[in-house]
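[1] Pasting the sequence and the predicted coordinates here, then a few questions.
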Amino acid sequence: MPSDRTDTAAEAASAKTMVAIEADGLESAAAYKLISGSVTPRPIAWVSSLNEDASVNLAPFSAYVFLTYDPPKIGISIGPSTAFVKDTLRNIERNGHFVVNSVSPDQLQSMVESSRRYPAGMSEAADLAVALTPSLRIDTPRITDSEIALECVVDQVVEMGDRDAHRLVIGRVVTFQVDERVLQRDRIHAFAPVGRIGGPLYVMPGEIRQVRTTPDDRLP
Ligand SMILES: Cc1cc2nc3c(=O)[nH]c(=O)nc-3n(C[C@H](O)[C@H](O)[C@H](O)COP(=O)(O)O)c2cc1C
């Protein structure tokens, strides 16, 4: 009954008060809290990359999105690079390839630990005993236990002109490695990784709903 729904929405709307925060002139830290708490839940790209000595660097990035599908490309925002360049960015730029591994609930703690500021060249994978498996098309190995791993070659590294000098790393997926349990014919089905919300908060996979548009013959 559409009229009931409208009434409920109107009541809810009248009960809430919006706080408008001007973005111009915000301190970096304040803007970070607002944008990272607003754009949620975010999937996490747990990136494996090769250090100069061929040991394996791991780090999570939740400023991560799929960009195109023909060919398939993903984007990851890495920064800030003001004080030091993150190992992941340095490795990706040097080698031209990396793997985006998915994060399931039982990988959450290792994923978070891998975000600590390890000395350059020290392998998070070795220190945290994260098992690795060789990739098919690139030299960077993937994380064995991840349900999905995207083998990527670097397409572009884009400067974004922000004060903290973030780089948008655009990767082209050359191989999809998919656990057969989440693959249904040619489709990823009921794959439910951990999502990041504000600060150190994560959402665990919960209810999954299938929703389709209602047929509407008023639309062209
Ligand atoms: C869940 C999570 C998501 C993160 N997302 C990002 C991100 O999108 N961009 C970024 O620059 N740093 C992000 N970080 C911080 C990096 O993981 C952290 O700086 C790490 O030490 C980088 O490691 P590296 O120097 O080995 O590349 C995130 C950390 C966590 C725990």
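    Looks like it arrived, so ask away. Numbering: from 1, shown residues only.

[2] hey, let's count contacts and neighbours off CA atoms from now on
    Fine.

[3] Are stretch 121-128 and the ligand in contact anywhere?
    No: applying C-alpha under 6 Å from any ligand atom, one finds stretch 121-128 separated from the ligand by no less than 7.6 Å.

[4] contact partners of that stretch?
    Stretch 121-128 is contacted by residues 51-53, 55-59, 87, 110, 113-114, 118, 131-132 when judged by C-alpha atoms under 8 Å, 6 or more residues apart in numbering.

[5] got a winner among the residues you listed for most neighbours?
    Of all these, the most densely surrounded is Leu58 (30 neighbours; neighbours counted as other C-alpha atoms under 10 Å).

[6] Might one say that it is in contact with Asn51?
    No: contact criterion C-alpha atoms under 8 Å: Leu58 and Asn51 do not qualify, at 9.9 Å.

[7] For stretch 178-193, list every residue counted as buried.
    Buried positions in stretch 178-193, judged by neighbour count with 16 or more other C-alpha atoms under 10 Å: Ala192, Pro193.

[8] again, but for stretch 190-210
    For stretch 190-210, a neighbour-count test (16+ other C-alpha under 10 Å) marks Ala192, Pro193, Val194, Gly195, Arg196, Ile197, Gly198, Tyr202 as buried.

[9] Tell me where the chain has helices.
    Ranges of helices in the chain, per DSSP state H, are 2-15, 28-38, 87-95, 108-113, 124-127.

[10] hey, which of those helices is tucked in deepest?
    Among these, helix 87-95 has the highest mean neighbour count (mean count of other C-alpha atoms under 10 Å), at a mean of 19.

[11] rewinding a little: would you list the buried residues of stretch 190-210 in a markdown table and tack on distance to Arg137 and pLDDT?
    Shown next, in a markdown table, are these (distance: C-alpha to C-alpha, whole Å; pLDDT from 0 to 100):
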| residue | distance to Arg137 | pLDDT |
| --- | --- | --- |
| Ala192 | 26 | 90 |
| Pro193 | 24 | 96 |
| Val194 | 27 | 97 |
| Gly195 | 28 | 97 |
| Arg196 | 29 | 97 |
| Ile197 | 33 | 96 |
| Gly198 | 35 | 91 |
| Tyr202 | 32 | 98 |
